[in-house]
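# show me how the following folds:
(one chain, ligands or ions: 1)
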Amino acid sequence: MKVLLVGGGGREHAIGEALVKGGAELYAVSKHPNPGIRRIAKEYGLSKETDVQKVLELALKWNVDLAFIGPEAPLERGIVDLLEENGIPTVGPVRDAARIETDKSFARYLMEKHRIPGRKLFRVFDDVSEMRSWIDDFGRPVVVKPLGLTGGKGVKVVGYHLRDNEEAKAYARELIERDGRVLIEERTDGVEFTFQVFTDGKRVIPMPLAQDYPHAFEGDTGPITGGMGSYSCKNHRLPFITEEDYEKALETLKATVRAMKKEGTPYKGILYGQFMLAREGPVVIEYNARFGDPEAMNVLPILRTSLLEIAEGIVDGNLGSAEFEEKATVVKYIAPRGYPTDPIRGVKVQIREDKIREEGAGVYYASVDENLTMLGSRALAIVGIADTLEEAEEIASRGIKHVEGEIFYRKDVGTRESVERRINLAKEFGRDVRYSC
Ligand code: GLY
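Numbering: from 1, shown residues only. Predicted structure coming up:
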């Protein structure tokens, strides 16, 4: 079966690899030539992923049977609608359903209307003085978010460390002036985790939980990035998540899919729940309408079921089950120095892929071209997979030694110490947990 893959990051390399392993003949489109995808694709077209007409032209030229959309930006442009109107069944939500990620107020109103568990208090404002007086009356810390996409690098959260809400109000005003509207939410403290599911619009099939490291530097410091790495555990849970928390979070995602169906915008594809494990249980920080990047690289390499079969189930509305190996995984992203604020671009990174593989690690290419010149975003990821998290982390760390250049990465992704820090945070929120992964 000919499958079109849209997107050229580490996430898409992992999707492409899993599709090919599942028997697909791969046709890829992305704005830069990803060397890892190039190697496994029959044909490769260069186009901005958001130029949906160009993507359609290539899909028709190649006569693909199915399409799989990696990033969120083309979803917002209605790429699924367009491909499906032209007879190409596509994994990913149509534009109206992708609003769950592309319009943060849509997600909050949906949760409120359908009483979806894990919701939190929010308001949307288009008036600066109403916003200011609401925050004053509210009297507790708030989080300020733009409603739309923020380049896939996470929502800018202001007010998280504030003693008062003055900075939050100033930022909210800036957003009203820029975008016309702003989302204000009550602040929720806790430990964040990622829960991704496959869905055909009715059935919801869970993937192993993962935890992302969004900060640029070790010890969870520095600016927020697209994610500097992530880990998952052998038992597909996380050390600080009880079965009850897990079931609640899964029910939240199931209720979301039911609500989307009731609204007349059935949701199909991958639904990503970014949860905060708060004192009161799992709370939705946001939804994403696609795989996480890096989290796709935790779950797809251990997927036992054919991703092609799953993709067909999603588009045909008869999604079956998905089996994953019982392995722990650690993904470490390597970024150019200066990322994310002022990355070095145009310099080469040296990669001894043979040596990385000798160490037992996997490699996923991202923001590098065919000459391994870094293009400014996260360049490549090294993945360790093993029976324990410690071993998986060691494999990834050994692999990463064979990458050289003007790069940096977080040594602490998946280390016992960093996971224990998260466990201790969970304990502060009343969880009775101990290290196990
Ligand atoms: N890792 C966060 C994201 O994919 O949005």
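# get me the contact residues on the stretch 201-350 of the chain for the ligand.
Residues of the stretch 201-350 of the chain found near the ligand (CB under 6 Å from any ligand atom) are 212, 227, 288, 292-293, 295. C-betas here are computed from N, CA, C, even on glycine.
# one more pass at 5 Å, please.
Within the stretch 201-350 of the chain, the positions near the ligand by CB under 5 Å from any ligand atom are 212, 227, 292-293.
# which one of the residues you listed is nearest to residue 104?
The closest of those to residue 104 turns out to be residue 292 (CB to CB; 16.8 Å).
# for the closest one, which three-state class applies?
coil (DSSP: H, G, I helix; E, B strand; the rest coil).
# look up how far residue 62 lies from it.
28 Å (CB to CB, to the nearest Å).
# likewise for residue 116?
Counting by CB to CB - residue 116 and residue 62 are separated by 39 Å.
# and for residue 407?
Taking CB to CB, one finds residue 407 at 35 Å from residue 62.
# and for residue 149?
28 Å.
# residue 418 too?
Distance, residue 418 to residue 62, by CB to CB: 43 Å.
# re earlier: for the residues of the stretch 201-350 of the chain next to the ligand, which one is nearest residue 258?
Residue 258 lies nearest to residue 292 out of those, by CB to CB, at 22.5 Å.
# contacting residues for the closest one?
11, 194, 196, 210, 212, 227, 230, 272 (CB atoms under 8 Å, 6 or more residues apart in numbering).
# what does residue 197 give?
Residues near residue 197 by CB under 8 Å, 6+ apart: 204-207, 250, 253, 270-271, 273.
# and those, which of them are in helices?
250, 253 (DSSP state H).
# where exactly do the strands run in the stretch 201-350 of the chain?
204-206, 211-212, 215-217, 221-224, 229-232, 269-278, 281-288, 328-336, 350-351 (DSSP state E, counting those that start in this stretch).
# dump those strands to a markdown table, plus distance to residue 390, mean pLDDT and mean neighbour count.
Formatted as a markdown table, the strands of the stretch 201-350 of the chain follow (distance: least, CB to CB, whole Å; pLDDT from 0 to 100; neighbours: other CB atoms under 10 Å):
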| stretch | distance to residue 390 | mean pLDDT | mean neighbour count |
| --- | --- | --- | --- |
| strand 204-206 | 25 | 98 | 19 |
| strand 211-212 | 16 | 98 | 24 |
| strand 215-217 | 22 | 96 | 16 |
| strand 221-224 | 23 | 92 | 13 |
| strand 229-232 | 11 | 98 | 30 |
| strand 269-278 | 23 | 97 | 24 |
| strand 281-288 | 27 | 96 | 22 |
| strand 328-336 | 8 | 98 | 28 |
| strand 350-351 | 25 | 98 | 16 |
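# who wins for proximity to residue 53 among those?
strand 269-278 (21.2 Å).
# quick one: list the elements packing against that closest one.
Counting by 3 or more CB pairs under 8 Å, 6 or more residues apart in numbering; DSSP states H and E, the packing neighbours recorded for strand 269-278 are strand 191-199, helix 243-262, strand 281-288.
# the longest one - what's its average pLDDT?
By that I understand helix 243-262. Average pLDDT, helix 243-262: 97.
# what's it packed up against?
helix 95-102, helix 104-113, strand 191-199, strand 204-206, strand 269-278, strand 281-288.
# same thing with the last one?
Using 3+ CB pairs under 8 Å, 6+ apart as the contact test, the elements touching strand 281-288 are helix 95-102, helix 104-113, helix 243-262, strand 269-278.
# reformat the ones you listed as a markdown table; add distance to residue 38.
Output for those, formatted as a markdown table (distance: least, CB to CB, whole Å):
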| stretch | distance to residue 38 |
| --- | --- |
| helix 95-102 | 27 |
| helix 104-113 | 35 |
| helix 243-262 | 34 |
| strand 269-278 | 24 |
